[in-house]
Structures are given as structure tokens and as C-alpha cells.
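**Student:** what follows is a predicted structure for the sequence shown.
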Amino acid sequence: MNEQIIYDGFERVWKMFEKTDHEIQELRQFLREQSQETDRRFKESNEQFRQFSQETKRQFKESNEQFRQLSQETDKKINKVSQDIGKLGGRWGEFVESMVRPAVLRLFQERGLIVHEVHRNLMAERNGLSAEIDLLVTNDDHCVAVEVKSLLSVDDVRDHLARLEKFKVLFPRYADAQLMGAVAGAVIYDDVSKYAYRQGLFVLGQKGHNMEILNDSAFKPKIY
């Protein structure tokens, strides 16, 4: 009786052990499969990342090359536009000068300065100095050196003042003449016009469709 009880108990324990061992084996198999699946997915992800990285690098290289080509093309266009503007600026300056030149004799004669000659684009180099005069209006005793700009600036006025200071050194044949200065422009802002006026320069600008001397009747030019 006691042996049967012991045997039955042992049998139950052994069955439980077999069941537990079977469950452990199943768990181990499950873990192995999960580990293999994880490795497989990791390898797939790693391969996808590698392919993505290569594709990204390729696209970056293509984009970089496209940007480089676009930059070069843009630089070419900018250079061409700059050249065109430069050419246009030169032609515009010539156009403004062509407006001023026919009018200067009349304008200064109306101011009581009886001038007879207009010389354009005088250049001189002497004693380490140099200058270019756009227009020189003269008679036997007076001359007016005129600087012509499409858009007159304060710096243009200052440059012309420096030019007037060395004029008689560079053009000694006018050493005994009374030298005066003038600036002319298609566009002259009020502050620039007032600055030139205060420096004793005639200011020639557009008034309606005509080129006129903008200085009032009280103006006294500086004599060099």
C-alpha cells in the first residue's frame, strides 16, 4: 500500500517534470526562433540603412553637382548682366554729355559769362598728377571745367573739387584764366545740389525737358 502511494507520487512528479522540461524546451525553441528573427530583421534593417545611406550619398552628390552647375550658370548670367549694365552706364553717360554739351555755351552766356568754345574729354598727365575733364567751356579770360554724370553724387563733387585744385598745373596754358567749376547730371538729389552750391560750383541739371543752371541769381562761383 505504501509502496503504491510512493510510486504514484513519484509518477506524478515525473510527469510534472516531463511537462516542465517540455515547456522549457519549447521556450528555448521560441527564444532561438525569436533570436534568429531578430538577427534577420537586424540584417535587413542594416542592409536597408546601407542602401539608404548609399542612395542619400548619391542624391547628395547629384544635388551638389546640380548646385555647382547652377552656381556657375548664375555667375555667368551675373557677369553678363554686369557687363551689359557697364556698357549701358557708359552709353547713358555719353547720352547725358550729349545733352549738356550743346547747352553750356547758351547757359553760361545767359549768366553773363561770354564763352565761345567747348572742348570735351581733355586729359593730362604732368608732374605725377593726372586728370580728365569732361567738358571745358572757355573764352580768352575764363574757363569752366564741367564734370558730367548720369547720377551725380557727393563723392563726384569732391572728386571734381580735387580736380580743379590741380587743373592749372596740368593745363598750364590756362594758368592766367579765371577757372570755375561746374557739375552736371541727369539725376541730382537736393542734398548733392546744395553741397555743390556751397562749394562754389555751378550745378547743371534737368528742368522739365531742358538742361538748366540750377543755381539762383545770388550764387557766386569760386574762382581758382
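**Tutor:** It's in.

**Student:** in this structure, where is pLDDT below threshold?
**Tutor:** 1-24, 27, 31, 42, 49, 60, 63, 67, 71, 74-96 (pLDDT under 70).

**Student:** can you rerun that using 80?
**Tutor:** Residues of the chain meeting the criterion pLDDT under 80: 1-99, 208-209.

**Student:** what segments of it are strands?
**Tutor:** 117-126, 129-138, 142-152, 178-188, 202-207, 210-213 (DSSP state E).

**Student:** next, the buried residues of the last one.
**Tutor:** By neighbour count, with 16 or more other C-beta atoms under 10 Å as the criterion, the buried positions of strand 210-213 are M211, I213. Heads up, the C-betas are built off the backbone N, CA and C, glycines and all.

**Student:** how about the third one?
**Tutor:** Buried positions in strand 142-152, judged by neighbour count with 16+ other C-beta under 10 Å: H142, C143, V144, A145, V146, E147, V148, K149, S150, L152.

**Student:** now do the second one
**Tutor:** Judged by neighbour count using 16+ other C-beta under 10 Å, the buried positions of strand 129-138 are A131, I133, D134, L135, L136, V137, T138.

**Student:** check the burial of F219 by counting its neighbours.
**Tutor:** For F219, the count of nearby residues is 14 (other C-beta atoms under 10 Å).

**Student:** give me the phi and psi angles of it.
**Tutor:** Torsion angles at F219 (phi, psi; degrees, to the nearest 10) stand at phi -70, psi 140.

**Student:** please name the residues that touch it.
**Tutor:** Y197, F202 (C-beta atoms under 8 Å, 6 or more residues apart in numbering).

**Student:** D156 too?
**Tutor:** E147, K149, V183, G185, V192.

**Student:** contacts only, for the fourth one.
**Tutor:** Residues counted as contacts of G185 (C-beta under 8 Å, 6+ apart) are V96, V148, K149, S150, L151, L152, D156, L204, G205.

**Student:** can you name the residues in contact with stretch 118-136?
**Tutor:** Residues contacting stretch 118-136 (C-beta under 8 Å, 6+ apart): 97, 100-101, 104-105, 137-138, 143-148, 163, 166-167, 169-171, 184.

**Student:** between the two ends of it, what distance do you get?
**Tutor:** Distance between the two ends of stretch 118-136: 6 Å, counting by C-alpha to C-alpha, to the nearest Å.

**Student:** report the separation between the closest residue to G200 other than its chain neighbours and D39.
**Tutor:** Excluding the flanking residues, the one nearest G200 by C-beta to C-beta, 6 or more residues apart in numbering is K222, at 2.7 Å. Separation of K222 from D39 (C-beta to C-beta, to the nearest Å): 95 Å.

**Student:** who's more crowded, the two?
**Tutor:** K222 (13 against 10).

**Student:** wait, isn't that one in contact with Q178?
**Tutor:** No: K222 is not in contact with Q178 according to C-beta atoms under 8 Å; the separation is 10.4 Å.

**Student:** what is V137 paired to in the beta sheet?
**Tutor:** V118, V144 (DSSP bridges).

**Student:** that one: what's it in contact with?
**Tutor:** V104, L105, F108, V115, E117, V118, C143, V144, V146, A182.

**Student:** tell me the one among those residues nearest to K57.
**Tutor:** K57 has its nearest neighbour among the contacts of V137 in V146, at 64.4 Å by C-beta to C-beta.

**Student:** what's near enough to touch that closest one?
**Tutor:** Taking C-beta under 8 Å, 6+ apart, one finds 100, 104, 133-137, 181-184, 202, 204 in contact with V146.
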